[in-house]
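Colleague: Sharing a model that was predicted from the sequence below.
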Amino acid sequence: MTSATLSINLSALVRNWQALDGLSDGETGAVVKANGYGLGAPVVGRTLVRAGVRSFFVATAEEGNTLRAAIGQGPTIYVFSGHMSGDTGPIREAALTPLLNSVDQMLRHVEALPGHPFGIQLDSGMNRLGMEPGEWSAVRDIAIAQGPKLIMSHLACADDDHHPMNPHQLAEFRAMTDGLDVPRSLAATGGTLLGPEYHFDMTRPGIGLYGGLPFVDALPVVTLDLPVIQVRDVMQGETVGYGNTWIAPRDSRIATVSGGYADGLIRAMGPKAILFAGDMPCPVVGRVSMDLITADVTDVGHDPVDLQLLGRHQSVDTVAEAAGTIGYEILTSIGPRYQRSVAE
């Protein structure tokens with residue numbers, strides 16, 4: 001098989017959710033935006049429903065439509081982008097719950113879908129989505145009278161448990177919501193790990209479910225094995241790949257594997273990336289190209305059939321570090337050409 005194999009361990013996904021759920025006394029939802037962080041929102045959603053998840057979060061109404069078709073009626077699907085122009089039909093038909101971000105969205109929602117469930121997103125300092133304190137103060141009584149299902153905000157620096165922004169946002173969120181008889185949510189994965197004062201009525205982990213930081217105890221969910229297409233001898237002083245960026249310091253055995261930046265394997269990781277033949281590290285040599293990556297397998301002692309990028313030796317965050325990015329980008333960049341293997 002010339003396509004790389006992306007293996008998804010659904011039992012690890014469930015155990016990660018259960019571990020994060022065990023940290024909080026309230027409800028634990030799940031963020032499955034960006035097609036379930038690249039792993040497939042339908043299969044991730046169905047698995048988490050069976051595990052007990054009753055509240056899901058997606059980025060857009062279109063994502064919500066896809067998820068609803070997979071998980072059926074019953075679980076709540078919240079939409080971070082709220083109620084955008086053109087979203088009325090999908091919100092109604094898929095029974096989605098938009099998280100309204102502005103007065104304009106609130107007016108659009110109550111006029112287009114009177115009585116339809118909604119939540120509210122507040123800006124506690126991130127300056128991205130949500131109503132700011134002044135805006136919220138002006139419409140709070142009207143909004144609460146409409147019966148929102150959830151009030152939420154989002155932490156900007158939760159991956160750093162000592163960052164002063166965390167207590168600042170906590171205080172801002174409390175100032176805007178204390179005393180209201182509405183369920184509240186502030187914590188995603190990082191906020192869940194910050195402690196009970198950040199949990200409120202619902203936590204909504206995302207990256208931690210899929211094996212990423214800052215949840216250091218997360219089980220790996222994804223394995224990626226790249227098939228070797230060809231192995232060749234490269235003499236000392238010869239070059240490999242575009243731009244002659246790698247010059248062989250010794251007589252070497254170089255494997256070319258199927259996979260590249262068209263598959264979401266970020267080009268910038270090339271100079272620092274490692275592939276593995278079993279337990280043997282094999283440094284990537286030359287540039288990551290669109291469909292191919294070359295690696296030095298001289299010390300393996302034989303020509304391997306495939307090389308592993310993600311797995312027991314290397315997490316999404318290790319690969320991300322080599323590329324100068326974060327684990328979120330590695331997962332959500334996963335391309336469509338992989339042969340997917342899903343294990344319960």
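Modeller: Happy to help now that I have it. Numbers count the residues shown, from 1 in each chain.

Colleague: rest of the way, CA atoms for contacts and neighbours
Modeller: Will do.

Colleague: all strands for the stretch 101-250 of the chain, in order.
Modeller: Taking DSSP state E, counting those that start in this stretch as the test, the strands found in the stretch 101-250 of the chain are 119-121, 151-152, 184-185, 202-203, 222-234, 239-240, 246-247.

Colleague: so can I have JSON lines of these showing mean neighbour count and mean pLDDT?
Modeller: Converted to JSON lines, the strands of the stretch 101-250 of the chain look like this (neighbours: other C-alpha atoms under 10 Å; pLDDT from 0 to 100):
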{"stretch": "strand 119-121", "mean neighbour count": "25", "mean pLDDT": "98"}
{"stretch": "strand 151-152", "mean neighbour count": "24", "mean pLDDT": "98"}
{"stretch": "strand 184-185", "mean neighbour count": "24", "mean pLDDT": "98"}
{"stretch": "strand 202-203", "mean neighbour count": "27", "mean pLDDT": "98"}
{"stretch": "strand 222-234", "mean neighbour count": "19", "mean pLDDT": "97"}
{"stretch": "strand 239-240", "mean neighbour count": "18", "mean pLDDT": "98"}
{"stretch": "strand 246-247", "mean neighbour count": "16", "mean pLDDT": "96"}
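
Colleague: Leu292 is nearest to which of the ones you listed?
Modeller: Proximity to Leu292, assessed across these by C-alpha to C-alpha, is greatest for strand 222-234 (9.2 Å).

Colleague: Can you name every helix or strand that that closest one contacts?
Modeller: strand 5-9, strand 252-258, strand 306-310 (3 or more C-alpha pairs under 8 Å, 6 or more residues apart in numbering; DSSP states H and E).

Colleague: now the strands of the stretch 101-250 of the chain in a markdown table, with distance to Val43?
Modeller: Formatted as a markdown table, the strands of the stretch 101-250 of the chain follow (distance: least, C-alpha to C-alpha, whole Å):
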| stretch | distance to Val43 |
| --- | --- |
| strand 119-121 | 26 |
| strand 151-152 | 26 |
| strand 184-185 | 25 |
| strand 202-203 | 21 |
| strand 222-234 | 14 |
| strand 239-240 | 40 |
| strand 246-247 | 41 |
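
Colleague: Nearest to Tyr210, out of the ones you listed?
Modeller: When the strands of the stretch 101-250 of the chain are compared by C-alpha to C-alpha, strand 222-234 sits nearest Tyr210, at 7.7 Å.

Colleague: For the closest residue to Val222 other than its chain neighbours, give me its contacts.
Modeller: Excluding its sequence neighbours, the residue lying closest to Val222 (C-alpha to C-alpha, 6 or more residues apart in numbering) is Ile8, at 4.9 Å. Residues near Ile8 by C-alpha atoms under 8 Å, 6 or more residues apart in numbering: 39, 221-223, 340-343.

Colleague: Need the buried ones from these selected in ChimeraX.
Modeller: Paste this into ChimeraX to select the buried members of the contacts of Ile8, with burial taken from 16 or more other C-alpha atoms under 10 Å:
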select :39,221,222,223
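
Colleague: closest to Asp21 among the contacts of Ile8?
Modeller: Distance to Asp21, by C-alpha to C-alpha, is smallest for Val221 among the contacts of Ile8, at 17.2 Å.

Colleague: I'd say that closest one and Asn16 touch.
Modeller: No: assessed by C-alpha atoms under 8 Å, Val221 is found out of contact with Asn16, at 9.0 Å.

Colleague: anything in contact with each of these two?
Modeller: 210-211.

Colleague: Ok, which of the helices and strands packed on strand 222-234 comes nearest Phe200?
Modeller: strand 5-9 (30.1 Å).

Colleague: what's the burial count for Ile77?
Modeller: 28 (other C-alpha atoms under 10 Å).

Colleague: out of the strands of the stretch 101-250 of the chain, nearest to Leu265?
Modeller: Here strand 222-234 is closest among those (C-alpha to C-alpha), at 10.7 Å.

Colleague: Please compute how far that closest one lies from its chain's middle.
Modeller: 27 Å (C-alpha atoms, centre = their mean, to the nearest Å).

Colleague: outside of it, which residues touch it?
Modeller: With C-alpha under 8 Å, 6+ apart, strand 222-234 has contacts from 1-9, 210-211, 248, 251-259, 303-312.

Colleague: picking that back up, just send the contacts of Ile8 back as TSV, with distance to Arg46 too.
Modeller: Formatted as TSV, the contacts of Ile8 follow (distance: C-alpha to C-alpha, whole Å):
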residue	distance to Arg46
Leu39	12
Val221	16
Val222	17
Thr223	20
Arg340	17
Ser341	16
Val342	13
Ala343	13
